[in-house]
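Novice: Quick one, fold the following:
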Amino acid sequence: MFPHERSLVARLKDEPFALIGINSDKDLEKVAELNTKESITWRSFWNGPDGTGGPISKRWGVTGWPTLYLIDAKGKIRHKFTGNPGDEKLDALIDALVQEAKQATAGH
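Specialist: Residues are numbered from 1 along each chain as shown. Predicted structure coming up:
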(Lines give C-alpha, C1' and ligand atoms only; values in the text may rest on other atoms or scores of the structure.)
Protein backbone atom coordinates (compact mmCIF):
# COMPACT_ATOMS: atom_id res chain seq x y z
CA MET A 1 0.00 0.00 0.00
CA PHE A 2 2.92 2.37 0.45
CA PRO A 3 3.11 3.41 -3.23
CA HIS A 4 -0.57 4.34 -3.22
CA GLU A 5 -0.26 6.14 0.10
CA ARG A 6 2.71 8.13 -1.25
CA SER A 7 0.66 9.08 -4.33
CA LEU A 8 -2.26 10.22 -2.15
CA VAL A 9 -0.02 12.39 0.00
CA ALA A 10 1.53 13.97 -3.11
CA ARG A 11 -1.75 14.44 -4.98
CA LEU A 12 -3.61 15.91 -2.01
CA LYS A 13 -0.78 17.95 -0.50
CA ASP A 14 -2.66 21.25 -0.82
CA GLU A 15 -6.05 19.85 0.12
CA PRO A 16 -7.80 19.33 3.49
CA PHE A 17 -6.41 15.80 3.80
CA ALA A 18 -4.16 13.99 6.23
CA LEU A 19 -2.84 10.46 6.13
CA ILE A 20 -1.96 8.90 9.48
CA GLY A 21 -0.35 5.49 9.76
CA ILE A 22 0.04 2.99 12.55
CA ASN A 23 2.95 0.57 12.38
CA SER A 24 2.57 -2.77 14.17
CA ASP A 25 6.13 -4.07 13.84
CA LYS A 26 7.31 -5.11 17.28
CA ASP A 27 10.80 -3.66 16.82
CA LEU A 28 10.97 0.13 16.90
CA GLU A 29 14.28 0.09 14.99
CA LYS A 30 12.58 -1.80 12.15
CA VAL A 31 9.86 0.85 12.09
CA ALA A 32 12.47 3.59 11.61
CA GLU A 33 14.19 1.55 8.88
CA LEU A 34 10.88 0.94 7.11
CA ASN A 35 9.93 4.62 7.26
CA THR A 36 13.20 5.52 5.59
CA LYS A 37 13.16 2.66 3.07
CA GLU A 38 9.55 3.31 2.00
CA SER A 39 9.87 7.13 2.03
CA ILE A 40 7.08 7.52 4.56
CA THR A 41 6.67 11.26 5.00
CA TRP A 42 3.29 11.26 6.72
CA ARG A 43 2.70 10.98 10.44
CA SER A 44 3.03 7.36 11.53
CA PHE A 45 2.72 6.01 15.05
CA TRP A 46 4.19 2.87 16.56
CA ASN A 47 1.73 0.38 18.05
CA GLY A 48 4.28 -0.69 20.66
CA PRO A 49 6.31 -3.81 21.41
CA ASP A 50 3.18 -6.00 21.42
CA GLY A 51 2.88 -5.43 17.67
CA THR A 52 -0.61 -6.13 16.37
CA GLY A 53 -1.82 -6.51 19.97
CA GLY A 54 -0.63 -3.03 20.90
CA PRO A 55 -2.65 -0.25 22.50
CA ILE A 56 -3.69 1.61 19.35
CA SER A 57 -5.11 -1.44 17.59
CA LYS A 58 -6.87 -2.52 20.80
CA ARG A 59 -8.46 0.87 21.34
CA TRP A 60 -9.65 1.14 17.73
CA GLY A 61 -10.91 -2.45 17.54
CA VAL A 62 -8.52 -3.49 14.77
CA THR A 63 -8.77 -7.21 14.03
CA GLY A 64 -7.06 -7.42 10.62
CA TRP A 65 -4.40 -5.68 8.57
CA PRO A 66 -4.57 -3.34 6.91
CA THR A 67 -7.51 -1.62 8.58
CA LEU A 68 -8.41 1.71 7.05
CA TYR A 69 -10.57 4.43 8.56
CA LEU A 70 -11.78 7.39 6.52
CA ILE A 71 -12.64 10.23 8.88
CA ASP A 72 -14.43 13.35 7.70
CA ALA A 73 -13.57 16.95 8.51
CA LYS A 74 -15.86 16.84 11.56
CA GLY A 75 -14.01 13.84 13.00
CA LYS A 76 -16.73 11.28 12.20
CA ILE A 77 -15.67 7.84 10.95
CA ARG A 78 -17.36 7.59 7.57
CA HIS A 79 -15.84 4.36 6.27
CA LYS A 80 -13.92 1.45 7.78
CA PHE A 81 -12.25 -1.30 5.79
CA THR A 82 -10.50 -4.42 7.01
CA GLY A 83 -8.30 -5.22 4.06
CA ASN A 84 -7.57 -3.01 1.10
CA PRO A 85 -10.79 -2.02 -0.74
CA GLY A 86 -8.81 -1.16 -3.87
CA ASP A 87 -7.16 2.06 -4.95
CA GLU A 88 -10.01 3.28 -7.17
CA LYS A 89 -12.68 2.86 -4.51
CA LEU A 90 -10.47 4.40 -1.86
CA ASP A 91 -9.58 7.37 -4.09
CA ALA A 92 -13.24 8.03 -4.92
CA LEU A 93 -14.27 8.00 -1.25
CA ILE A 94 -11.34 10.19 -0.20
CA ASP A 95 -11.98 12.65 -3.02
CA ALA A 96 -15.63 12.92 -1.96
CA LEU A 97 -14.64 13.64 1.65
CA VAL A 98 -12.08 16.23 0.52
CA GLN A 99 -14.76 17.96 -1.57
CA GLU A 100 -17.14 17.98 1.42
CA ALA A 101 -14.44 19.57 3.58
CA LYS A 102 -13.69 22.20 0.93
CA GLN A 103 -17.38 23.07 0.54
CA ALA A 104 -17.82 23.34 4.29
CA THR A 105 -14.92 25.77 4.63
CA ALA A 106 -16.00 27.77 1.56
CA GLY A 107 -19.34 28.50 3.22
CA HIS A 108 -17.72 30.11 6.27
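Novice: When you work out contacts or count neighbours from here on, use the C-alpha atoms and nothing else.
Specialist: OK.
Novice: Buried residues in the helix or strand bottoming out on mean pLDDT in the chain, which are they?
Specialist: Sorting the helices and strands of the chain by mean pLDDT, DSSP states H and E puts helix 28-37 at the bottom, at a mean of 92. Neighbour-count burial for helix 28-37, with 16 or more other C-alpha atoms under 10 Å as criterion, is recorded at L28, V31.
Novice: which is the next helix or strand following that helix?
Specialist: On the C-terminal side of helix 28-37, the closest following helix or strand by DSSP states H and E is strand 43-46.
Novice: Going along the chain, name the helices of this protein.
Specialist: Secondary structure of the chain (DSSP state H): helices at 2-11, 28-37, 55-60, 87-106.
Novice: Let's have those helices in TSV, adding distance to I20.
Specialist: Shown next, in TSV, are those (distance: least, C-alpha to C-alpha, whole Å):
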stretch	distance to I20
helix 2-11	10
helix 28-37	13
helix 55-60	12
helix 87-106	14
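Novice: does P16 really touch A101, like I thought?
Specialist: Yes: using C-alpha atoms under 8 Å, P16 is in contact with A101, at 6.6 Å.
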